[in-house]
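A.B. asks: based on what follows, work out the 3D shape:
(chains A and B)
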Amino acid sequence: MAEGILTGIGTALTLQNVLWVAFGCLAGTLIGMMPGLGPISAIALMIPVSYSLDPTGGLIMMAGVYYGAVFGGSTSSILINAPGVASTVATSFDGYPMARDGQAGRALAIAAYASFFGGTMGAIILLIFASSLAAIALHIQSAEYSALVLLAMTCVVVFAGSNARLPSLITLLLGLMLGTVGTDPMGGAQRFTLGLLELSDGIPFVLLVMATFALAEAFRLAIGEPQLPRGSFSLRDLLIPLALARRLFRVASRSSVLGFIIGIMPGAGATLASFFAYDLEKRIGDGSREAGVTAPEAANNAASTGSFVPLLSLGVPGSGTSAVLLGVMLAYGLQPGPTLVTEQPEIFWGVIISMYVGNVFLLALNLPLIPYLARIVSLPQQVLIPLVIVFALLGVLLTTFSVFDLALMLLLALGATVLRAFGFPLAPLLLGFILSGLFEENLQRALMLSDGDVAYLLNRPIALGILLMNAAICLLPLWNRSES
Amino acid sequence: MSFRLLLLTLFAIGAAYLTLVGQIELDPWSAQDTINSRTLPQIYGALLCLAVLGLALGQRDRTGDMSHPSLHKLKPLFWLSALICVFILSLVWLNLWVALGGLLFGTLWTMGEKRLPVIVALCLAIPLIGFVLVEQVLQMTVPLS
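C.D. replies: Next up is the predicted model:
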């Protein structure tokens, strides 16, 4: 293994490859900052460039593009509450309020450090446990997934606090219902399309996130009291006080481990990891906004690294991004799978090391830009609101190319504005939407495997464990009430 | 809009959703499945109605920004929505970047930005940057449907 790691380091750190990773980081950040364009779009857009390079150089550049796009997504998530991808939604929960309170620079810096930390932890765990983790990942099947998704939904409602439980449940159900629009992934039936062809593929995620977060936020600002731009931004924002750094180190450590574990399960990915980590931190941590930015950022980066376990070891892409990367690897004639570690160790370790090099470069290149990026939120409200509206609409247009989707987006944004005005949290709506398809698909698949026998879920030890945990969490409010 | 009206609307959404669930056409072979295309939507719809009822019975009236709407407060929302509608309709016969410039002009004016140089600069710069970045650098075409 040590020989493989050294070969990987040697390959990744040649001058040519270092320049490619720097170019990838910059390009990825620029693309990722555009609303609606996330890591998948960024990697897809850079495929033609990568074909002109050798496999190592191409994959290394892609690593830079990937990390750059993730950081770019966090930037728009924090600055204008417009997360372009699902995995950065949780970052906006505390990142955007920090930005509105004049701490945009601090929030961006924490996000950058946490991403770096998550990526580093992920790479270390990957280096140590890669082979054995692949074997564990094989045991995670549809029954375990559906139990895990159910656990995520339960946590969102139960941990919302006694007054917010029913509103959270209502918005979660609205999200689940919106997620059922379109063609049933297993049965093939058309559901809730109202005969409209535009709805047959379901509601695009970018549309919902732009409607409920970006556009609804612009509407909320427009009907609220005018606020003066707050905060000053300098390179000092990049320095985190030692006491805070120590606290965030603990947050990042546990979030990275959690993120990595969720990330190795094919299909679960960075989104679920970031929501879980955020939720966990709000329950067991100090509940500060800084921790609320650190946890999802560290978790989604560690999960992204974790998703390379099933990709490289089993040839199964664990996320959308790794699916696109799988395509790039296949185009280079590389075949990820169980034999890759033993037969082509230089490729296996080269890819892992290059992912990490991309992470390091991203931190070095983008940290100096943070004070300038942070100035976006200091724009006066009468300029910021139109810009958010335009970026949100453009983000949806560039993803779906559909005028119908813009009309749907406006409708959903107005609905979200009303819900928010009455104190309904919108995060569960988004989580419900993301998990809807995942839950139904896995549940149907698990029941198909067992000829419709629901007891199958209880016969699998890991699934049973998760379901028992779920039941215990459901009982928590009753226990708390009896104690108080 | 009052909180009760909002709850009534949410209940109506749940009820309408449940009605639509009944209209989902099932294949003969999947109708007997434990979980078919209707099962989970039925559960979601029923749970929504129950949760709304629970909220209506268990909580006092909430006050939100919209519980006592004043026309003055909601005016920008109406105007912004109207401008977005005009933008959407204009995409059918106008170039995207031109329409975007128009939308920016309208929204800036509505939100109270009256400095003409700022308006002109933003209305020209943002669509131009968008055009160069999207259509020239990234080579993306925007075929609207």
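A.B. asks: report whether the helix or strand hosting A:Leu478 contacts chain B.
C.D. replies: Here A:Leu478, judged by DSSP states H and E, is contained in helix A:461-483. No: between helix A:461-483 and chain B, judged by CB under 8 Å from any CB of the partner chain, nothing touches; the nearest distance is 13.6 Å. For glycine as for every other residue, the C-beta is placed from the backbone atoms N, C-alpha and C.
A.B. asks: quick one: contacts of that helix?
C.D. replies: Helix A:461-483 has contacts (CB atoms under 8 Å, 6 or more residues apart in numbering or on different chains) with A:139-140, A:143-144, A:146-148, A:150-151, A:154-155, A:158-159, A:162, A:165, A:457-458.
A.B. asks: just stretch B:44-59 next, same as before
C.D. replies: With CB under 8 Å, 6+ apart as the criterion, stretch B:44-59 contacts A:163, A:166-167, A:169-170, A:173-174, A:176-177, A:180, B:4, B:7, B:10-11, B:13-15, B:17-18, B:21.
A.B. asks: average pLDDT across it?
C.D. replies: Averaged across stretch B:44-59, the pLDDT comes to 91.
A.B. asks: and what of stretch A:421-434?
C.D. replies: pLDDT averaged over stretch A:421-434 gives 84.
A.B. asks: list the buried residues in it.
C.D. replies: A:421-422, A:424-434 (16 or more other CB atoms under 10 Å in any protein chain shown).
A.B. asks: mind checking which of those are in helices?
C.D. replies: Per DSSP state H, helices hold the following members of the buried residues of stretch A:421-434: A:421, A:427-434.
A.B. asks: got the contact list for A:Glu440?
C.D. replies: Applying CB under 8 Å, 6+ apart to A:Glu440 gives the contacts A:180, A:184-186, B:35, B:40.
A.B. asks: quick check: it vs A:Val328, distance?
C.D. replies: Applying CB to CB, to the nearest Å, the value for A:Glu440 to A:Val328 is 30 Å.
A.B. asks: for the most centrally placed residue in chain A, list the residues it contacts.
C.D. replies: Per CA atoms, centre = their mean, the C-alpha nearest to the average position across chain A is that of A:Ser87, at 1.2 Å. Counting by CB under 8 Å, 6+ apart, A:Ser87 makes contact with A:38, A:70, A:73, A:269-271, A:273-274, A:296, A:300, A:303-304.
A.B. asks: pLDDT score assigned to the residue nearest to it when sequence neighbours are not counted?
C.D. replies: Once flanking residues are discounted, A:Ser87 sits nearest to A:Ala270: 3.8 Å by CB to CB, 6 or more residues apart in numbering or on different chains. A:Ala270 carries a pLDDT value of 75.
A.B. asks: what packs against the top helix by length along chain A?
C.D. replies: Counting by DSSP H, the longest helix found in chain A is helix A:104-137. Helix A:104-137 is packed against helix A:55-80, helix A:89-100, helix A:242-263, helix A:289-306, helix A:308-309, helix A:345-366, helix A:370-374, with contacts defined by 3 or more CB pairs under 8 Å, 6 or more residues apart in numbering or on different chains; DSSP states H and E.
A.B. asks: what do you get if the cut-off is 6 Å, keeping everything else the same?
C.D. replies: Under the contact definition 3 or more CB pairs under 6 Å, 6 or more residues apart in numbering or on different chains; DSSP states H and E, helix A:104-137 sits against helix A:55-80, helix A:89-100, helix A:242-263, helix A:289-306, helix A:345-366, helix A:370-374.
A.B. asks: pick the most deeply packed of those.
C.D. replies: The highest mean neighbour count among the helices and strands packed on helix A:104-137, using mean count of other CB atoms under 10 Å in any protein chain shown, belongs to helix A:289-306: a mean of 32.
A.B. asks: between helix A:104-137 and that one, find me the angle.
C.D. replies: Between helix A:289-306 and helix A:104-137, the angle comes out at 40 degrees (axes from the mean of the first three to the mean of the last three CA atoms, to 10 degrees).
A.B. asks: hmm, who's touching helix A:289-306?
C.D. replies: With CB atoms under 6 Å, 6 or more residues apart in numbering or on different chains as the test, helix A:289-306 has contacts from A:87, A:90-91, A:94-95, A:98, A:107, A:110-111, A:114-115, A:117-119, A:121-123, A:126, A:248, A:251-252, A:255-256, A:258-260, A:262-264, A:270, A:273-274, A:277-278, A:281, A:285.
A.B. asks: residues of the stretch 51-200 of chain A that sit close to chain B?
C.D. replies: Within the stretch 51-200 of chain A, the positions adjacent to chain B are A:166, A:169-170, A:173, A:176-177, A:180, A:184, A:187, A:189, A:191-192 by CB under 6 Å from any CB of the partner chain.
A.B. asks: and after the longest helix of chain A, which helix or strand comes next?
C.D. replies: The C-terminal neighbour of helix A:104-137 among helices and strands, as given by DSSP H and E, is helix A:142-158.
A.B. asks: re earlier: can you list the buried residues in the longest helix of chain A?
C.D. replies: Counting neighbours by 16+ other CB under 10 Å, one finds that the buried residues in helix A:104-137 are A:104-123, A:125-127, A:130, A:133-134, A:137.
A.B. asks: pretty sure A:Val388 contacts A:Ala216?
C.D. replies: No: the pair A:Val388 and A:Ala216 fails to qualify as a contact (CB atoms under 6 Å) at a distance of 10.2 Å.
A.B. asks: neighbour count: these two, which is higher?
C.D. replies: Neighbour totals were compared for A:Val388 and A:Ala216, and A:Val388 leads with 28 against 24 (other CB atoms under 10 Å in any protein chain shown).
A.B. asks: for the more buried one, which non-adjacent residue is closest in space?
C.D. replies: Once flanking residues are discounted, A:Val388 sits nearest to A:Ala218: 4.4 Å by CB to CB, 6+ apart.
A.B. asks: what is the burial count for that neighbour?
C.D. replies: Using other CB under 10 Å, the number of residues around A:Ala218 comes to 29.
A.B. asks: quick one: contacts for it?
C.D. replies: A:385, A:388-389.
A.B. asks: quick one: which two of the ones in helices among the buried residues of stretch A:421-434 are the most distant?
C.D. replies: A:Ala421 and A:Ile434 (23.9 Å; CB to CB).
A.B. asks: state the distance from A:Ser115 to chain B.
C.D. replies: A:Ser115 is 24 Å from chain B, where distance means CB to the nearest CB, to the nearest Å.
A.B. asks: so in chain B, where's the weakest helix or strand by average pLDDT?
C.D. replies: Every helix and strand of chain B was ranked by mean pLDDT, DSSP states H and E. The lowest is helix B:71-90, at a mean of 88.
A.B. asks: flag every buried residue along that helix.
C.D. replies: Applying a neighbour-count criterion of 16+ other CB under 10 Å, the buried positions in helix B:71-90 are B:76-77, B:79-81, B:83-84, B:87-88, B:90.
A.B. asks: pLDDT weak spots in the stretch 1-150 of chain A?
C.D. replies: Low-confidence segments of the stretch 1-150 of chain A (pLDDT under 70): A:1-2, A:4, A:34-37, A:41, A:48, A:84-85, A:130-138.
A.B. asks: just chain B next, same as before
C.D. replies: Within chain B, the ranges that satisfy pLDDT under 70 run B:1, B:59-72, B:143-145.
A.B. asks: give me every residue in it lying close to chain A.
C.D. replies: B:3, B:6, B:17, B:20, B:24-25, B:30, B:34-35, B:37, B:40-41, B:44, B:47-48, B:51, B:54-55, B:62, B:64-66, B:73, B:76-77, B:80, B:84, B:88, B:91, B:104, B:107-108, B:111-113, B:138, B:143-145.
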